[in-house]
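Trainee: turn this into a structure:
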Amino acid sequence: MKIKSYYSRSVESAIAEAREELGPEAMLVESRKAAPDARHLGEYEVVFALTSDGPPTTAKSAGSSAAPPRDSLSHDVAELKKELEGMRRAITRTAFAPPQWLSGAPDLSDAYAVLTANEVAPDLAREIVQSAETRSSGGSRPKVAQLNQPRDSGAYRQALIQELESRFTVKPALGRTEGGARITALVGPPGAGKTTTLVKLAVNYGLACRRPVLMISMDNHRIAAAEQLRSYAGILGVGFQVLETVSALAQSIEENRSKDLILIDTPGLGFTEISDSSTLARFLSTRADIDTQLALAASVKPADLARMVDAYQVFKPQRLVFTKMDETGSFGPIFNEAVRTGMPLSFFATGQRIPEDLEEVTPGRLTSLILSGHGFRSRAVA
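Mentor: As a prediction, this is how the structure comes out:
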């Protein structure tokens with residue numbers, strides 16, 4: 001068995017290069033972010049194995065074969081190198097062997113590689129690529145012998161897109177009631193960008209529609225947090241209040257029912273601080289007229305993201321807002337949480353510009369980001 005690595009700016013292009021050179025019989029072993037010392041070769045690395053006699057291994061990271069020994073010592077060294085190489089290959093086959101269900105299915109293995117490289121949970125990625133296979137085959141799962149037969153890759157890709165989009169929902173809106181004041185509160189951890197996102201929402205869904213807006217700050221944890229929002233309110237010419245208690249918040253909401261849009265900024269709370277916010281959490285979770293949305297940074301590690309979403313369930317958020325979309329190239333964790341929690345996605349915040357860097361989430365937008373991984377970066381360059 002011969003092992004070869006391919007590097008490129010995306011998993012898809014690396015796979016395409018491998019398939020073109022090695023042919024469809026090559027087996028995808030692993031896809032991953034390139035190591036820091038190999039990042040100059042490409043952002044992603046995919047590893048392929050060729051069991052038959054095929055093209056010689058010419059991986060960018062591999063060296064050329066040692067020259068034939070000229071004396072006994074060099075011969076021994078060469079033999080030792082061969083033994084070590086054999087051990088390395090055996091370990092590689094054991095540690096990185098692809099799942100049995102991918103054997104002989106290039107479309108499935110390529111799709112699985114793209115999804116997992118973009119940090120879609122492995123079990124979820126498997127469900128999706130297999131369901132897409134069933135979908136593209138007209139509702140019946142093909143037999144193993146049929147998987148390696150020539151097929152319409154375009155049809156499978158379309159089925160993959162449909163399967164991804166069927167797994168999550170979107171609801172880019174503010175408020176929970178029809179008519180009257182729309183009330184939305186943003187909750188989330190420190191540094192998630194709640195205040196900036198709140199201002200973007202005020203401009204795009206209040207001022208742009210010539211509707212009266214009130215911004216309320218409940219953030220008494222962060223130094224000068226209220227002053228930052230007060231400055232924005234002064235520039236935009238919208239109403240602004242600083243409140244410290246939930247009773248004051250309830251009174252303010254009643255007094256400003258004539259406003260079309262009421263936006264509430266809350267303190268950024270870490271894991272250890274959420275329990276201290278029980279009064280605010282109880283208030284927001286029991287008010288049927290308040291749309292509570294959880295704002296999270298897209299650049300957070302998947303495990304920490306899931307932990308944060310679970311911790312903030314005490315607020316009973318109805319939707320997920322993702323910020324700092326321009327600071328990551330892996331969008332699978334967003335998809336994971338939308339599927340796991342069943343909460344709709346509402347908005348993506350893509351940078352610091354106000355009000356431009358905000359967009360409503362659509363199924364196609366997230367799907368394209370997962371399958372390409374370079375949506376925001378390409379747009380920024382353009």
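Trainee: mind checking how far stretch 182-198 is from the chain centre?
Mentor: 19 Å (Cα atoms, centre = their mean, to the nearest Å).
Trainee: what about that stretch, start to end distance?
Mentor: 14 Å (Cα to Cα, to the nearest Å).
Trainee: give me the buried positions along that stretch.
Mentor: 182-189, 192-198 (16 or more other Cβ atoms under 10 Å). In this view, the C-beta of every residue, glycine as well, is placed from N, C-alpha and C.
Trainee: give me the neighbour count for residue 275.
Mentor: 11 (other Cβ atoms under 10 Å).
Trainee: got the phi/psi numbers for it?
Mentor: The phi/psi pair for residue 275 (degrees, to the nearest 10) reads phi -70, psi -20.
Trainee: what does residue 5 give?
Mentor: Dihedral angles (degrees, to the nearest 10) for residue 5: phi -110, psi 140.
Trainee: what number of residues lie near it?
Mentor: 22.
Trainee: test my guess that it contacts residue 44.
Mentor: No: at 10.4 Å, residue 5 does not count as touching residue 44 under the criterion of Cβ atoms under 8 Å.
Trainee: out of the buried residues of stretch 182-198, which one sits closest to residue 257?
Mentor: residue 183 (9.4 Å; Cβ to Cβ).
Trainee: part of a strand, is that closest one?
Mentor: Yes: under DSSP: H, G, I helix; E, B strand; the rest coil, residue 183 sits within a strand.
Trainee: how close does it get to residue 324?
Mentor: Residue 183 sits 25 Å away from residue 324 when distances are taken as Cβ to Cβ, to the nearest Å.
Trainee: got the phi and psi for residue 77?
Mentor: According to degrees, to the nearest 10, residue 77 has phi -60, psi -40.
Trainee: and it, how many neighbours?
Mentor: 12.
Trainee: again, but for residue 205
Mentor: Residue 205, neighbours per other Cβ under 10 Å, totals 23.
Trainee: could you find the closest non-adjacent residue to it?
Mentor: Sequence neighbours aside, residue 174 is the residue nearest to residue 205 in space, at 5.6 Å (criterion: Cβ to Cβ, 6 or more residues apart in numbering).
Trainee: ok, residue 221 next?
Mentor: residue 267 (4.0 Å).
Trainee: contacts only, for residue 230.
Mentor: 217, 240, 242 (Cβ atoms under 8 Å, 6 or more residues apart in numbering).
Trainee: how about the helices in the stretch 151-300 of the chain?
Mentor: 153-165, 194-205, 225-236, 246-255, 278-286 (DSSP state H, counting those that start in this stretch).
Trainee: hey, which of these is tucked in deepest?
Mentor: helix 194-205 (a mean of 23; mean count of other Cβ atoms under 10 Å).
Trainee: so where is the stretch 1-150 of the chain shaky, pLDDT-wise?
Mentor: For the stretch 1-150 of the chain, the stretches with pLDDT under 70 are 1, 51-71, 85-105, 139-150.
Trainee: residue 113 - how many residues pack around it?
Mentor: Neighbours around residue 113, by other Cβ under 10 Å: 26.
Trainee: touching, it and residue 31? I think so.
Mentor: Yes: when contacts are counted by Cβ under 8 Å, residue 113 is listed as touching residue 31 (3.8 Å).
Trainee: what do those two both touch?
Mentor: Contacts common to residue 113 and residue 31, judged by Cβ under 8 Å, 6+ apart, are 11, 15, 46.
Trainee: which SS class is the last one?
Mentor: It refers to residue 46. strand.
Trainee: quick one: list the elements packing against the helix or strand harbouring residue 133.
Mentor: Using DSSP states H and E, residue 133 maps to helix 122-136. In terms of contacts (3 or more Cβ pairs under 8 Å, 6 or more residues apart in numbering; DSSP states H and E), helix 122-136 is packed against helix 106-117, helix 153-165.
Trainee: just the buried positions in that helix, please.
Mentor: In helix 122-136, counting by 16+ other Cβ under 10 Å, buried: 124-126, 128-133, 135-136.
Trainee: with those in mind, which one is nearest to residue 249?
Mentor: residue 124 (38.4 Å).
Trainee: which phi and psi does the residue nearest in space to the middle of the chain have?
Mentor: Centroid check for the chain by Cα atoms, centre = their mean gives residue 331 as the closest residue, at 2.0 Å. Main-chain torsions, residue 331, degrees, to the nearest 10: phi -110, psi 0.
Trainee: now for the residue nearest to it when sequence neighbours are not counted, how many residues are close by?
Mentor: The shortest distance from residue 331 to any non-neighbouring residue, by Cβ to Cβ, 6+ apart, is to residue 369 (4.2 Å). Neighbour count of residue 369, defined by other Cβ under 10 Å: 23.
Trainee: surely residue 369 is in a helix?
Mentor: Yes: according to three-state DSSP, residue 369 belongs to a helix.
Trainee: sorry, back to before: shouldn't the residue nearest to residue 221 be in contact with residue 276?
Mentor: No: if you go by Cβ under 8 Å, residue 267 and residue 276 don't touch, sitting 9.6 Å apart.
Trainee: these two: which is more packed in?
Mentor: residue 267 (19 against 12).
Trainee: against residue 136, how distant is the more buried one?
Mentor: Residue 267 is 48 Å from residue 136, by Cβ to Cβ.
Trainee: and stretch 352-364, what's buried?
Mentor: Neighbour count says stretch 352-364 has 354, 357-358, 361, 363 buried, by 16+ other Cβ under 10 Å.
Trainee: in strands, which of those residues appear?
Mentor: residue 358 (DSSP state E).
Trainee: tell me the one of the buried residues of stretch 352-364 nearest residue 36?
Mentor: The closest of these, once distances to residue 36 are taken by Cβ to Cβ, is residue 357, at 28.9 Å.
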